[in-house]
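Asks: give me coordinates for this.
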Amino acid sequence: MKKLTLFLFLFISMGLFNLFNIRTTFADNPYVDIKANGSDGPLVIGNNENLSISITLQPSSLVGVNADWWLLVNTPWNDWFYYVYPDYWGYAGPNLDDVFCAYQGPLFNLPPVAIANFSGLPVGIYTFYFEVDNSPDGTLNGSIYYDSVIVNRAVPYRLYGLNMGPYVDDEEDPTRGGIQITDEELRQRISKVAPFARWIRTYGCNEDLKEAGMFAHSMGLKAAVGIWLSSDRAENERQINCLVDRYKEGYVDMAVVGSEVLLRGDLDESELINYVNRVKREVSGIPVAYADVYSIFLSHPSLIDAIDVLMVNYYPFWDGIDIEEAIRSLHTHHKEVLSASKGKPVIVSETGWPSEGEQVGNAV
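Replies: Residues are numbered from 1 along each chain as shown. I've put the predicted structure just below:
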């Protein structure tokens with residue numbers, strides 16, 4: 001069995017086993033608590049920061065009852081490690097059935113105690129669990145009481161934000177409608193980018209994406225939740241209702257009301273502004289943004305008046321600009337948008353250069 005400090009694995013899967021599915025609730029539950037650096041999490045740590053894991057137990061009416069005690073950690077590679085008292089970490093691989101309990105014995109009042117210290121963890125999302133179950137047979141069964149804490153071991157210099165398009169192959173097409181990815185697949189994919197950014201931004205709020213803000217918050221990120229506006233008024237209503245519901249749950253830090261709607265011609269300016277104003281009324285207290293190419297903002301000052309944040313897309317390629325002049329062109333247009341923004345925040349929401357395709361003007 002391997003020590004936790006080795007962590008030299010090449011697995012790509014990042015799914016975490018959902019222990020919440022096996023929780024049993026009673027009127028007089030034990031109090032089970034686990035903290036990371038004194039925090040209930042999510043905790044974000046950098047490369048040079050140490051990590052201390054501490055646990056607390058108050059058995060309540062179950063004091064003296066024999067139980068399995070468990071201390072587990074799930075890694076960014078969906079591997080499990082388990083702690084065995086007094087000082088051993090074992091490696092169970094991806095199968096939760098292969099973990100061992102930390103201790104078997106009667107439940108007793110345990111004041112806060114540090115049981116593990118780590119340094120130099122690889123980048124990724126770690127979930128630590130402290131659990132007890134009253135069936136002392138070395139398996140995760142019986143009445144299980146638990147707590148967990150999520151630790152995001154982030155890179156030293158995180159991006160401000162990343163656009164989150166979680167569809168990874170041709171079989172996952174959001175234009176088909178219905179559910180294209182599961183909540184667990186969405187959570188896994190957000191966990192892959194979580195160490196590299198402070199925000200994520202989604203383009204819509206539908207069955208696939210509605211939990212993105214919750215997952216982002218659980219990993220220490222903020223969420224700019226988008227709604228996909230189009231000429232389909234009924235779908236627009238569903239998108240807005242989804243956003244408002246997530247806002248009421250506390251999972252929206254910024255609302256992005258549409259992306260390139262005016263560029264595509266799906267709505268006119270007055271229709272878009274009506275949607276913006278409606279959303280602003282329903283999600284008070286957070287900024288409301290709109291995303292489009294720079295020329296749209298320059299030609300629609302009334303839209304700038306309506307929104308709180310400008311999310312601007314710059315693609316010199318589609319303007320036919322030679323690649324040698326692309327940065328200069330982007331910088332020039334960005335200064336124009338800043339001048340027109342009336343002091344409102346301007347975020348570069350999209351930019352880039354294609355790796356293949358047909359030539360556009362002088363852009364190859």
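Asks: over stretch 114-127, what's the mean pLDDT, rounded is fine.
Replies: Average pLDDT, stretch 114-127: 94.
Asks: how about that stretch: buried residues?
Replies: If you call a residue buried by 16 or more other Cβ atoms under 10 Å, then stretch 114-127 has these buried ones: 115, 116, 118, 121, 124, 125, 126, 127. For every residue, glycine as well, the C-beta is placed using N, CA and C.
Asks: you'd agree the second one is in a helix?
Replies: No. Counting by DSSP: H, G, I helix; E, B strand; the rest coil, residue 116 falls outside a helix, being strand.
Asks: can you measure across stretch 157-172, start residue to end residue?
Replies: From the first residue to the last, stretch 157-172 extends over 31 Å; the measure is Cα to Cα, to the nearest Å.
Asks: what mean pLDDT does it have?
Replies: Confidence for stretch 157-172, expressed as mean pLDDT, is 88.
Asks: what are the buried residues along that stretch?
Replies: Buried positions in stretch 157-172, judged by neighbour count with 16+ other Cβ under 10 Å: 158, 161, 162, 163, 164, 166, 167.
Asks: look up which residues are beta-bridged to the fifth one.
Replies: Looking back up the chat, that one is residue 164. The residues listed as beta-bridge partners of residue 164 by DSSP bridges are residue 202.
Asks: quick check: it vs residue 216, distance?
Replies: In this structure, residue 164 and residue 216 are separated by 8 Å, where distance is defined by Cβ to Cβ, to the nearest Å.
Asks: all strands for the stretch 1-150 of the chain, in order.
Replies: Counting by DSSP state E, counting those that start in this stretch, the stretch 1-150 of the chain has these strands, from start to end: 31-36, 43-45, 51-58, 66-74, 80-84, 88-93, 103-106, 110-118, 124-133, 144-153.
Asks: now render these as CSV, adding distance to residue 300.
Replies: Shown next, in CSV, are these (distance: least, Cβ to Cβ, whole Å):
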stretch, distance to residue 300
strand 31-36, 47
strand 43-45, 38
strand 51-58, 48
strand 66-74, 47
strand 80-84, 53
strand 88-93, 55
strand 103-106, 65
strand 110-118, 51
strand 124-133, 40
strand 144-153, 38
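Asks: look up the residues that both of residue 164 and residue 216 are in contact with.
Replies: 190, 200 (Cβ atoms under 8 Å, 6 or more residues apart in numbering).
Asks: what residues are up against the residue lying closest to residue 315 once chain neighbours are set aside?
Replies: Sequence neighbours aside, residue 351 is the residue nearest to residue 315 in space, at 6.5 Å (criterion: Cβ to Cβ, 6 or more residues apart in numbering). Counting by Cβ under 8 Å, 6+ apart, residue 351 makes contact with 313, 314, 315, 330.
Asks: quick check on residue 351: phi, psi?
Replies: Taking degrees, to the nearest 10, you get phi -160, psi 170 for the backbone angles of residue 351.
Asks: quick one on the thing from earlier: in strands, which of the buried residues of stretch 157-172 appear?
Replies: Secondary structure from DSSP state E places 161, 162, 163, 164 of these in strands.
Asks: list just the nearest of those to residue 309.
Replies: Checking those against residue 309 by Cβ to Cβ gives residue 161 as the nearest, at 11.7 Å.
Asks: state the distance from that closest one to residue 194.
Replies: For residue 161, the distance to residue 194 under the criterion Cβ to Cβ works out to 12 Å.
Asks: check contacts around residue 318.
Replies: When contacts are counted by Cβ under 8 Å, 6+ apart, residue 318 is found next to 360, 363.
Asks: which SS class is it?
Replies: For residue 318, the reduced secondary structure class is helix; criterion used: three-state DSSP.
Asks: so the residue nearest the centre of the chain: helix, strand or coil?
Replies: A centroid search over the chain (Cα atoms, centre = their mean) returns residue 216, at 2.4 Å, as the residue closest to the centre. Per three-state DSSP, the secondary structure class of residue 216 is helix.
Asks: the spatially closest residue to it that is not a sequence neighbour: what secondary structure?
Replies: Nearest non-adjacent residue to residue 216, counting by Cβ to Cβ, 6+ apart: residue 223, 4.3 Å away. When the structure is reduced to helix, strand and coil (three-state DSSP), residue 223 reads as strand.
Asks: in a helix, that's where residue 328 is, yeah?
Replies: Yes. Per three-state DSSP, residue 328 lies within a helix segment.
Asks: distance of the residue of the chain positioned farthest from its centre from residue 134?
Replies: Farthest-out residue of the chain from its mean C-alpha position, per Cα atoms, centre = their mean: residue 64, at 40.3 Å. Noted for residue 64: a distance of 11 Å to residue 134, by Cβ to Cβ.
Asks: any low-confidence regions in this structure?
Replies: Per-residue confidence of the chain (counting by pLDDT under 70) places the weak regions at 1-27.
Asks: got a list of what residue 52 touches?
Replies: Applying Cβ under 8 Å, 6+ apart to residue 52 gives the contacts 36, 37, 38, 114, 116, 117, 118.
Asks: what ranges do the helices span in the stretch 201-350 of the chain?
Replies: Counting by DSSP state H, counting those that start in this stretch, the stretch 201-350 of the chain forms helices over residues 212-218, 233-248, 261-264, 269-282, 294-299, 301-306, 326-340, given from the N-terminal end onward.
Asks: who wins for proximity to residue 143 among those?
Replies: Ranking these by proximity to residue 143 (Cβ to Cβ) places helix 212-218 first, at 25.2 Å.
Asks: please name every helix or strand in contact with the closest one.
Replies: helix 183-193, strand 197-202, strand 222-227 (3 or more Cβ pairs under 8 Å, 6 or more residues apart in numbering; DSSP states H and E).
Asks: need these in a markdown table (columns: distance to residue 147).
Replies: A markdown table is the format used below for these (distance: least, Cβ to Cβ, whole Å):
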| stretch | distance to residue 147 |
| --- | --- |
| helix 183-193 | 19 |
| strand 197-202 | 26 |
| strand 222-227 | 24 |
